[in-house]
Every structure is written in structure tokens, then in C-alpha cells.
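# The sequence and its predicted three-dimensional model are supplied below.
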Amino acid sequence: MTLCKRLHRTRFAGLIGSATALTFAATTAIAAMPTQVRIDTGIIEGALSDGVLSFKGIPFAAPPLGNLRWRPPQPAPHWDGVRDAKSFGHDCMQKPFPGDAAPLGNEPGEDCLTLNIWYPSAKAKKLPVMVWIYGGGFVNGGSSPSVYSGAQFAKQGVALVSFNYRLGRFGFFGFPALTQEFPDELKGNYGYMDQLAALQWVQRNIAAFGGDPNNVTVFGESAGGGSVHMLLTSPLAHGLFHKAIVQSGGGRGNLMGDRRLTESKPGLPSAEEIGVNFAHKHGIEGNDAEALAQLRALPAEQIVDGMNMAMLFAPAKVPLYGGPIVDGKIVVGAPDTIYRNAGQAKVPIIVGANSADIGFGFAPTKDALFATFGALKDQAIAAYDPNGNAGLSALSAVVAMDKTMIEPARFVVAQFAAQGLASYEFRFSYVAQSMRNQWKDGAPHATEIPFVFDTVAAKYNDQLAPGDSAIARIANTYWANFAKTGNPNGAGLPQWPRYDPQRDELLNFGADGTAKAFVDPWRARLEVSASVANEAK
């Protein structure tokens, strides 16, 4: 019996095990008012503005409160009458941090499993669907930030869906009593389960909004990009989407490591061990059902316990948070291993990263930094520091960026291309004109997002420059074209070639405000980084 069939027979079949459930009929009755739509749980009323219909705060699962904390998402309740859907629901519980590239637009709360839809008001059927997955290190983020508005995608003829998924210890948590409770249910990766549940909701309901459930593109950035890798490689995501875009999402292994649910390894405690540590910190002894009940009774703020992106990588004597888990059912292995074996979803893909992307390097000297390349040390020096005058800080940032984001993007797109799949690589190098005095090394991590969504006006306000708007329109159009056809190219756009490992061409969103294809100028150093990564396998 297949895994999906086994899950379908479990008590978890309400959502995650229901991937084969009948799609909510495309002929679903819609009330006379254009702002009202009937979905499988009732009628909702949204808003119409500037040719775009929007519906916000739609429950796709039951509130994960009380005994549903650390349970797979359960079916959303039905309602009578018309439910208002003009405002975002709560973003999931977290501690926001200053400097977030996408500040939340709403108050976080534990009752957060809602989604949002934007689509053109002109009557249309079988609209391409894009589903956005936000980043934030799996501890921050939400669907309410203004830069994530789907209005511009709707104006391009796309139905844009965004949703919330549980974060931090709400989203990724292990505890011995949890493992024993409801043994047929999936465990640990509750945030990933939310993502699967949201995509299943799309399959059941998107036709009621004119969307095509057979033309769904998932896309995400950072942790959201890593989530796209999970979806591409998870057997439980099969059939839920048809194209994928990864923005700064890694790909050379699971983004947050190889942690297991019950098995601890040297330097890598299990999720259960971390959960017991967390319970002890809050005065909860033991690991039985009573201890679990006490954990569920803790106020949400104590579960957050100060965790956010600013604290995520802070050293700790006793680990108290571990992130996503290799559970063997949702996460079945490292993405690069699965891609090498052609075990992923066979879909068109766009993959890329930014020209000054994120990475973490802690070598105390240049010699120590280049020693990490092992036998390729001399080649690394020739590629990264040929004149010997690069500063340690800048050099460490570039090496770490290549290892974490730039080379993995190149690796992933090459693997898909080798399997004959339509594959496109990008590099985002454009810096908003108002930020060029601060971001002199290139486009930092996550700064491409308002350009992709064409929400630069919301991001830069009165500092917005015409060049910013122009490159945003180009990026937004490429992404929308890809959602429509699996090919980002279209009238009026510079040609974006399919990736060919022999040519090694990508599309660069340049600092000069133009988009153009070129042979990767960083090829030499990426080859060294790739060789080290391949030898580590």
C-alpha cells in the first residue's frame, strides 16, 4: 500500500492525507454579488479595488489551539451566512524583529491558519495560480506584509494565493509524548503540514475564484524557497503543483540541517531531546502525557520564548529550538541527493539568488578560510583572491554566500536541465536607487521580493525612483509569464535562455536597471565551491 493511501486511512486523513480528495467543483455556485464566493466551508465576501478582487483571512484549517497545538492541521469549520474576508487573519505566533525585509502588517497570534487570494475582477476561467511561501528562517514571517500583496500579479492575469504556516516551536517541535500520541499522525513538521494543507485547499477551492487547479506554481524566498525544495522532493506534495520558483532557498541539503525526530547524533540533538530541554527550562519535568499537557497549557508568548531571526543562530549551552526535521514522510532526504537521483517532481523551475546574498562565515584568518577548501585550496585562492588583497570580512561573506545560496541555485537548475526539464537561472543584482549608498556590495538577501511582486511603491514610498518601478515591472512580468506557460519569456522582454550546463547562462537583473542574459562571470569560483560540495557527498 502506498504512503498516501496509508495516510488516507488514518485519523490524519482530514487534510494532509486527503490529497486525492475530490476537487471542489469548478461549477461551485457564486452569489450574485461579485465580491461573494462560495467555497467548501461557506460563503465569503471580499473586496474589489482597481480591477482586482481580494479575499483575505480565509481559514484553510481549524485554529491550532489547545489540544490542537502540535497536531496536524485539522479541517476548517463550516459557517452559516456570509463570512467577511476583507482583512488579513493573524500572522502566526512569533517575536518580530527590527530590520525585517517584510515587516508584518498584522498582529501575530496562535490562531493563524488562514490564506488570501487576489485575482482579476474581469470574468476569467482557468487562471494560472501562484502560491507564495514566505521566508523568515522558519521563526518569522507572515502573509500580511504589504510587499506580499498579490494585486500586481492579478493585473497580469494570475490568481495569487498566500497563506500562513506555523513557525518556531509551534511549527517544528518534538517531544516523546507527542511521538506516542496519535501514532498514525505525522509528527514534528507542523509548519510543513500547514503548507501541504494550504495547497490541498487550493486544489479543492481555487476553481471557485476562476483559478486552474491544474496550473499551480509554488514560489518562495529563503525559508520559503527551502520549503519549495521540500515540496519538490516530498512524496506527500505529489500533484499539488505544476511549476516551481526558488528565490535564495539553497538546495545543497536541507536548509536548516539534517535533524531527526527521535535520533540524536553528535552535535545534532534530536527534536525530542530539544523539546525535553525546552520543557525543563519552563519547569516541566518528565516526558509523559502530563508533561505534554503542561506544555500545551503554556501561554503562546512562553512558547515563542524570545526566539526570532536575530536570535536564531545565537550560541546556546543547551539547544532549545531545532527547526524542520527529516521525518522520512514529509522530508525524506536532502534535496541534492534526491535531485541527483531524479526523484523529485518533474516540473519547470526557476532558481536564483541575489548578488550580495546571505551566508555565514566565521574563519579567523584567510588561511583558515581557504583551508576549508581542502585539496582545492590553491584553486580557491586563484578564484576568490587572485591578487591577495581581498579583506577577510568581504572574502568570508562571498565564500559563505556562494556555499549557501549562489552555487546551490546553479547546482539545482543544472540537475533539472540534465533531466530535460525547462529550467531558468537568475541573479538579482539591482539595488533600489535610495539604498545604493548603503548596499554597495550588491543586492542583499530578500531585497528582490518587492520587485518580484511589483510592490516597490509600498517598500520605498516617497524614495521610489523610476528605475525601481521599471525593473519591478520586468521581474513581475517574467514571474507571471512563467506561471502561465512554464516559460518566463514574452513580448517586450529580453530573452531569458533555458539553462544549459555547457553554456552556463543566466538572466541578471543588473545594477544598471536592465535585464540581460550572460555567461556566469562567477563560474570559476562556483566550480571550486561545487567541487567541495560534491566531494562531501
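Yes, it's here. Numbers count the residues shown, from 1 in each chain.
# Pop the domain breakdown of this protein in here.
3-247, 355-535 (automatic domain parsing).
# These: which one's closest to residue 329?
domain 3-247 (5.8 Å; Cβ to Cβ). The way it works is simple: take the backbone N, C-alpha and C, and place the C-beta from them, glycine included.
# Would you confirm that residue 354 contacts residue 447?
Yes - because the distance of 6.5 Å satisfies Cβ atoms under 8 Å, residue 354 is recorded as touching residue 447.
# which neighbours do these two share?
Counting by Cβ atoms under 8 Å, 6 or more residues apart in numbering, the common neighbours of residue 354 and residue 447 are residue 428.
# These two: who's more crowded?
In this view residue 354 and residue 447 are compared by other Cβ atoms under 10 Å, and residue 354 has more residues nearby, 26 against 22.
# Kindly provide the distance from that one to residue 518.
Distance of residue 354 to residue 518, computed by Cβ to Cβ, to the nearest Å: 16 Å.
# do residue 330 as well
Residue 330 is 38 Å from residue 518, by Cβ to Cβ.
# ok, these two, which is more surrounded?
Between residue 330 and residue 518, counted using other Cβ under 10 Å, residue 330 has the larger neighbour count: 24 against 12.
# Quickly find the element holding the more buried one.
Here residue 330 is covered by no helix or strand, with elements defined by DSSP states H and E.
# pLDDT score for it?
Residue 330 carries a pLDDT value of 98.
# so who does the nearest residue to residue 385 once chain neighbours are set aside touch?
Leaving out its chain neighbours, the residue that sits closest to residue 385 by Cβ to Cβ, 6 or more residues apart in numbering is residue 395, at 6.1 Å. Counting by Cβ under 8 Å, 6+ apart, residue 395 makes contact with 366, 369, 384, 385.
# quick one: which of those residues sit in helices?
366, 369, 384 (DSSP state H).
# CSV for those, including neighbour count, pLDDT and distance to residue 400?
Output for those, formatted as CSV (neighbours: other Cβ atoms under 10 Å; pLDDT from 0 to 100; distance: Cβ to Cβ, whole Å):
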residue, neighbour count, pLDDT, distance to residue 400
366, 17, 96, 14
369, 22, 97, 9
384, 21, 97, 11
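# and which of the residues you listed is nearest residue 161?
For the ones in helices among the contacts of residue 395, the nearest to residue 161 is residue 384 (41.1 Å; Cβ to Cβ).
# Give me the distance between residue 131 and residue 272.
Per Cβ to Cβ, residue 131 is found 31 Å from residue 272.
# My error: substitute residue 302 in the last question.
20 Å.
# which residues touch residue 146?
So residue 146 contacts 105, 455, 458, 459 (Cβ under 8 Å, 6+ apart).
# how about residue 219, secondary structure?
strand (DSSP: H, G, I helix; E, B strand; the rest coil).
# quick one: it from residue 325, how far?
24 Å.
# and if you look at residue 161?
From residue 161 to residue 325 the distance is 26 Å (Cβ to Cβ).
# Which of these two has more residues huddled nearby?
It is residue 161, of residue 161 and residue 325, that has more neighbours when counted by other Cβ under 10 Å, with 30 against 26.
# Against which helices or strands is the helix or strand hosting the more buried one packed?
Secondary structure from DSSP H and E places residue 161 in strand 159-163. Taking 3 or more Cβ pairs under 8 Å, 6 or more residues apart in numbering; DSSP states H and E as the contact definition, the neighbouring helices and strands of strand 159-163 are strand 114-120, strand 127-133, helix 190-205.
# So for residue 486, which of these sits nearest?
Using Cβ to Cβ, the nearest of the helices and strands packed on strand 159-163 to residue 486 is strand 127-133, at 9.9 Å.
# what does the average pLDDT come to for the helix or strand following that closest one?
For strand 127-133, the following helix or strand on the C-terminal side (DSSP H and E) is helix 151-155. Taken as a whole, helix 151-155 carries a mean pLDDT of 98.
# Beta-bridge partners for residue 130, please?
residue 160, residue 217 (DSSP bridges).
# Now for it: which residues touch it?
150, 153, 158-161, 216-219, 479-480, 483.
# again, but for residue 212
125, 126, 127, 128, 129, 206.
# One more: residue 284?
Contacts of residue 284 (Cβ under 8 Å, 6+ apart): 291, 294, 295.
# all helices of the stretch 251-400 of the chain, in order?
With helices called from DSSP state H, counting those that start in this stretch, the stretch 251-400 of the chain shows them at 271-281, 289-297, 300-304, 335-340, 366-371, 377-384, 392-401.
# Return the most buried member of those.
helix 271-281 (a mean of 22; mean count of other Cβ atoms under 10 Å).
# on contacts alone, who are the packing partners of that helix?
Helix 271-281 packs on helix 176-180, helix 289-297, going by 3+ Cβ pairs under 8 Å, 6+ apart.
# neighbours around the closest residue to residue 334 other than its chain neighbours, how many?
Leaving aside its chain neighbours, residue 334 sits nearest to residue 253 (4.6 Å; criterion: Cβ to Cβ, 6+ apart). For residue 253, the neighbour count with other Cβ under 10 Å is 19.
# And for residue 318?
With other Cβ under 10 Å as criterion, residue 318 counts 11.
# which intervals of this structure have sub-threshold pLDDT?
1-33, 537 (pLDDT under 70).
# residues touching residue 36, list them.
30, 43, 44, 45, 46, 82.
# My guess is the third one contacts residue 78. True?
No - contact status for residue 44 versus residue 78: not in contact, 11.9 Å apart, counting by Cβ under 8 Å.
# of those two, who's got more company?
More crowded of residue 44 and residue 78, by other Cβ under 10 Å: residue 44, with 24 against 9.
# Identify the residues contacting that one.
36, 37, 55, 58, 82, 83, 84, 85 are the contacts of residue 44 under Cβ under 8 Å, 6+ apart.
# for the stretch 351-500 of the chain, what spans make up the strands?
Secondary structure of the stretch 351-500 of the chain, counting by DSSP state E, counting those that start in this stretch: strands at 423-428.
# So residue 70 sits against residue 173, correct?
Yes - the criterion here is Cβ under 8 Å, and residue 70 meets it with residue 173 at 5.6 Å.
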